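Engineer: Show me the folded form of this:
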Amino acid sequence: MAEKVTLSALRELKRAGRKIVGVVAWDYQLARIADRAGVDIVSVGDTVGVNLWGQPNPMEITMDQMVTVCQAVRRGVKRALVSCDFPFGPLQEGTDSAVRAAIRLVKEAGVDLVKLDGAADFPEAVTAVHRAGIPVFAQFGITPQTALRYGVTYSATPGPDDQVPPEMTEELVAEAKRLEAAGASLLNFTNSGPVAGAAVARAVGIPVLGGFGGGPWLDGRMRMATSAIGYSASGLDDPPDTYANVARIAFDALTAYSADVRAARQIKGGIPAN
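Structural biologist: As a prediction, this is how the structure comes out:
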């Protein structure tokens, strides 16, 4: 197995101008695959409810559910760093609540760091969690918690125009510096765009990653593993621009399985008939 990823190694990648690879995963098997593929960080996102369980609102996810999902991912990852999102609530309830939530995720799910959405509004919580010895992956930009402030509608699957306005670059650079000063180890700049994103990445010494609205101007990228492989059922009718179309592969396989069962044929992987 390759050497285990550390936060120091990620900072060295930034200094060397090499990109950091992150994925969002929510189950043991996909976490194992991502780890073997050599990604640097596996993030357990709180959008699991929207993207995997069919929930309409990302804020429905509970702490108990995040612990369960994080435990599954942790068991599948040996090399990469594992980060876990707070669900909506512990950060907004105050510093003590944030520290308790971070400690629970470390003790019960074994995460390496915790990701705080909308962290720019809670620098004191970032500092408190950092002082507790738990590294913080601080998210800012367009999140469910901040979309209204930026005058955009939050979407779990945003379009190319859902980026922070370039005229907000100075404010976002200041937010990034405050988060770094508060003790954040990594930044996740969502919907950064090439103007504000590049400026933020230059302005801070810690790595700046991004998913939605990110690009090569950042120090690395985050991508939902399910999106990268085309897992969503919508890909059956509208082939996605992804690295695979797992939805089509699964559909074809299950259709073939159904045909074998209905025709009373031997199924693949079943116990051979005498």
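
Engineer: Next up, the contacts around Glu180.
Structural biologist: Glu180 makes contact with Leu187, Val204, Gly205, Ile206 under the criterion Cβ atoms under 8 Å, 6 or more residues apart in numbering. Every residue, glycine included, has its C-beta placed from N, CA and C.

Engineer: State the pair within these that is farthest apart.
Structural biologist: The span of those, defined through Cβ to Cβ, is set by Leu187 and Gly205 at 10.6 Å.

Engineer: Looking at the two, which has the bigger crowd around it?
Structural biologist: Using other Cβ atoms under 10 Å, the more surrounded residue of Leu187 and Gly205 is Leu187, with 28 against 9.

Engineer: Distance-wise, check that one relative to Arg265.
Structural biologist: 55 Å (Cβ to Cβ, to the nearest Å).

Engineer: And Glu167, by the same measure?
Structural biologist: 64 Å.

Engineer: Which helix in this structure has the most residues?
Structural biologist: For the chain, the helix with the greatest residue count under DSSP state H is helix 246-262.

Engineer: What residues of that helix count as buried?
Structural biologist: By neighbour count on 16 or more other Cβ atoms under 10 Å, the buried set for helix 246-262 is Val246, Ala247.

Engineer: elements contacting it?
Structural biologist: Helix 246-262 sits against no helix or strand, with contacts defined as 3 or more Cβ pairs under 8 Å, 6 or more residues apart in numbering; DSSP states H and E.

Engineer: tell me the average confidence for that helix?
Structural biologist: What helix 246-262 shows for mean pLDDT is 97.

Engineer: Tell me how far it lies from the chain's centre.
Structural biologist: Relative to the chain's own centre, helix 246-262 is displaced by 30 Å; criterion: Cα atoms, centre = their mean, to the nearest Å.

Engineer: Keeping just the C-alphas, turn that helix into CSV.
Structural biologist: C-alpha atoms of helix 246-262 as CSV (Å, rounded to 0.1, in the frame of the first residue of the first chain):
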residue,chain,number,x,y,z
VAL,A,246,-22.6,2.9,-14.3
ALA,A,247,-26.4,3.5,-14.4
ARG,A,248,-26.5,2.0,-18.0
ILE,A,249,-24.2,-0.9,-17.0
ALA,A,250,-26.4,-1.7,-14.0
PHE,A,251,-29.6,-1.4,-16.0
ASP,A,252,-28.3,-3.7,-18.8
ALA,A,253,-27.1,-6.2,-16.2
LEU,A,254,-30.3,-6.3,-14.2
THR,A,255,-32.4,-6.5,-17.4
ALA,A,256,-30.3,-9.6,-18.5
TYR,A,257,-30.7,-11.1,-15.0
SER,A,258,-34.5,-10.7,-15.2
ALA,A,259,-34.6,-12.3,-18.6
ASP,A,260,-32.6,-15.3,-17.4
VAL,A,261,-34.9,-15.8,-14.3
ARG,A,262,-38.1,-15.5,-16.4
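
Engineer: Excluding its own residues, what touches it? List them.
Structural biologist: Contacts of helix 246-262 with the rest of the structure, by Cβ under 8 Å, 6+ apart, involve 229-236, 239, 265-268.

Engineer: Good, wrapping up.
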